[in-house]
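S.K.: let me see the structure of the following:
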Amino acid sequence: MSELYEDSHRELQDRFDTRRLADRMDEALVHDVIHDSEKEFIENRDMFFLASVDARGHASCSYKGGDPGFVRVVDEHTIAFPNYDGNGMYQSMGNVLSAGQVGILFIDFENRRRMRFNGVASIDLDDPLKAEFPEAQFVVRVRAREIFTNCPRYIHKLQLVERSRFVPKSGSVTPVPGWKTGEWVADALPENDPARDPKREVL
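M.R.: Below you'll find the model as predicted:
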């Protein structure tokens with residue numbers, strides 16, 4: 001079995017008589033190798049949720065979105081994704097630098113399927129994949145510690161209406177989010193921020 005469970009997990013498993021079930025799940029489902037079907041699932045996703053923790057043990061969760069394929073499986077243990085322009089706080093990415101431990105939740109809402117991908121993340125400002133992601137600031141790679149699917153019973157069935165127009169694309173100019181044009185933040189923007197360009201479309 002993996003090293004998925006600690007004493008706190010066992011305490012609750014014993015309280016609700018699920019230790020045998022939890023061990024069976026670990027034995028049958030948890031692994032660290034990305035199978036072909038999982039590679040296809042990951043690379044077809046256009047979003048995921050990223051949990052991270054800082055050096056103090058404080059947790060943070062963020063949403064990451066892009067076009068399908070923005071998460072790449074680079075080998076049987078590792079995925080990679082770009083970091084795009086955001087709000088400048090770098091909470092998740094700062095946590096990656098300080099602690100490196102992340103949990104990723106991929107969800108297919110239309111077909112009600114989900115996958116958990118836990119592992120160790122790293123940032124490379126000069127990653128060779130960076131050139132393949134328009135406007136990427138850098139690339140994050142995550143080496144798997146545990147990969148497993150979850151019961152989908154509580155996933156609400158949703159359908160995609162429209163993908164975000166803010167996702168960078170080759171050959172097009174990415175619009176500026178409206179909040180970056182507010183007076184409250186204008187003087188704090190980075191010198192090269194696209195919001196400083198009056199010709200940029202604002203949404």
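S.K.: for stretch 45-52, give me every contacting residue.
M.R.: For stretch 45-52, contacts defined as CB atoms under 8 Å, 6 or more residues apart in numbering pick out 59-68, 70-71, 91-92, 95-96, 99, 101-108, 121, 160, 163. (C-beta placed from N, C-alpha, C; glycine too.)
S.K.: from those residues, list just the buried residues.
M.R.: 64, 66, 70-71, 92, 95-96, 99, 102-108, 121 (16 or more other CB atoms under 10 Å).
S.K.: from these, which land in helices?
M.R.: 92, 95-96 (DSSP state H).
S.K.: in this structure, which helix is the longest?
M.R.: Under DSSP H, the chain gives helix 19-29 as its longest helix.
S.K.: follow-up on the earlier one: among the buried ones among the contacts of stretch 45-52, which are located in strands?
M.R.: 64, 102-108, 121 (DSSP state E).
S.K.: pull the most distant pair out of those residues.
M.R.: Greatest spatial distance among these (CB to CB): Asp108 and Ala121, at 22.4 Å.
S.K.: returning to what we had before: just give me the closest of the ones in helices among the buried ones among the contacts of stretch 45-52 to Leu12.
M.R.: Of those, the one sitting nearest to Leu12 (CB to CB) turns out to be Asn95, at 25.8 Å.
S.K.: give me the spatial nearest neighbour of the closest one, chain neighbours excluded.
M.R.: Ser52 (3.7 Å; CB to CB, 6 or more residues apart in numbering).
S.K.: and that neighbour, what element?
M.R.: strand 47-53 (DSSP states H and E).
S.K.: tell me how far that strand lies from the chain's centre.
M.R.: Strand 47-53 has its C-alpha centroid displaced from the chain centroid by 4 Å (CA atoms, centre = their mean, to the nearest Å).
S.K.: what's the answer for stretch 6-25, then?
M.R.: 28 Å.
S.K.: what do you get for stretch 108-126?
M.R.: Chain-centre distance of stretch 108-126: 5 Å, with CA atoms, centre = their mean.
S.K.: buried ones in that stretch?
M.R.: Buried residues in stretch 108-126 (16+ other CB under 10 Å): 108, 114-119, 121, 123.
S.K.: out of the buried ones among the contacts of stretch 45-52, flag the one nearest to Asp187.
M.R.: Ser92 (25.7 Å).
S.K.: who are the contact partners of that closest one?
M.R.: Contacts of Ser92 by CB under 8 Å, 6+ apart are 50, 52, 60, 62.
S.K.: cool, and Leu158?
M.R.: Going by CB under 8 Å, 6+ apart, the list of residues near Leu158 reads 109-110.
S.K.: nothing else from me, thank you.
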